[in-house]
Structures are given as C-alpha cells and as structure tokens.
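Novice: Give me the fold of what follows.
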Amino acid sequence: MLNDEQQNLLSILIILSVVLVFIIIVTKNKYILDRFERLAEKILSKSISKNKGSRIDRILNLNSNFSIYEVVVDNDSPMCKKTLRENRLRDNFIQVLKIDRGSEIIDFPTADTIILHGDRLIVYGKIKSISKLVMKQEEKK
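Specialist: Okay, here's the model as predicted:
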C-alpha cells in the first residue's frame, strides 16, 4: 500500500505523462496543427482589422527599437506606384513581410513589387524608420 506522499507523486507523474502524450499527438497530427495555426491566424487577423481606418497600427512590439506594423498606403503617398527597391525601405531598416490588396495577398514580396494605393503593408523594422515613413505620407496631404 502506498502512503499519501507516494500517491501524490504517482498522480503527478500520471498527469505529466498524459500531458506529454497529448502534446506529442497534437504536434504529430497535421490536422490538429493546421487547426491551431488557422486559429492563430484568425486572432492576428482580427487584431489587424480592428483599426481598418488608421494609417498605421502596431501589431507586435519586439523590443524598444524594432516592431511589426501595418501601414496603409494612401493615393498621394510618396511610396505609391513605386517598387520596394525604389522606395529604399531596406536601406532604412524596414522589411516588407506581406502586402494585402484585399483580393490578393503577397507574402514576402520581392524588390520589384510595386506598391499601390490602398495596399496594407505588414512591415518589420526600426520604429523610428517606420514612424518617418508614415510622417512622409502625412506631409504629402
């Protein structure tokens, strides 16, 4: 017969084993993993779409210098109708991760991708550089 301390330890070991088996099953099961990824994408998408009217929205603050933002390109923006290369974003420590055109999504666009009016850019970069980029858009108005 087991004493109380041994029973508690055995219970904890059983629970940990069940949790470990569950984690292994979830990570090995493509269907469950896909469902989890879709859920994460929905949550991120909802957080992005909350501020559809704003020109810039901070999505993720990585540290005091770098962050991920969503930037909306206006028709009179200096970025509009130019390629990513012509906009020299990388020179200013800004990397475009995704362009959302509503009917089309471009993941990891190339340097030759042209930025159009209404594009929603998901960018990673220095917060100061991204702020300057948005301020240039505001000055043109």
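Novice: longest helix in the chain, by residue count?
Specialist: helix 4-28 (DSSP state H).
Novice: quick one: contacts of it?
Specialist: 2, 32, 33, 36 (Cβ atoms under 8 Å, 6 or more residues apart in numbering). All C-beta spots, glycine's among them, are computed from the backbone N, C-alpha and C.
Novice: need the strands for this protein, in chain order.
Specialist: 56-61, 66-72, 82-83, 94-100, 105-107, 114-115, 120-126 (DSSP state E).
Novice: Export those as a markdown table, with columns for mean pLDDT.
Specialist: Below are the strands of the chain laid out as a markdown table (pLDDT from 0 to 100):
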| stretch | mean pLDDT |
| --- | --- |
| strand 56-61 | 66 |
| strand 66-72 | 88 |
| strand 82-83 | 94 |
| strand 94-100 | 94 |
| strand 105-107 | 94 |
| strand 114-115 | 96 |
| strand 120-126 | 91 |
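Novice: Dump the ones you listed to TSV, plus distance to residue 24.
Specialist: As requested, the strands of the chain are exported to TSV (distance: least, Cβ to Cβ, whole Å):
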stretch	distance to residue 24
strand 56-61	29
strand 66-72	31
strand 82-83	46
strand 94-100	31
strand 105-107	30
strand 114-115	44
strand 120-126	33
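Novice: how long is stretch 77-86 from one end to the other?
Specialist: Stretch 77-86 has an end-to-end distance of 13 Å (Cα to Cα, to the nearest Å).
Novice: so how far is it off the chain centroid?
Specialist: Put simply, stretch 77-86 sits 22 Å off its chain's centre (Cα atoms, centre = their mean, to the nearest Å).
Novice: What are the contacting residues of it?
Specialist: Defining contact as Cβ under 8 Å, 6+ apart, one finds that stretch 77-86 is touched by 73-74, 87, 90, 96, 109-117, 133, 136-137, 140.
Novice: Please, a PyMOL command that selects the buried ones among these?
Specialist: To isolate in PyMOL the members of these that are buried, counting by 16 or more other Cβ atoms under 10 Å, one can use:
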select buried, resi 73+74+87+96+109+115+133+137
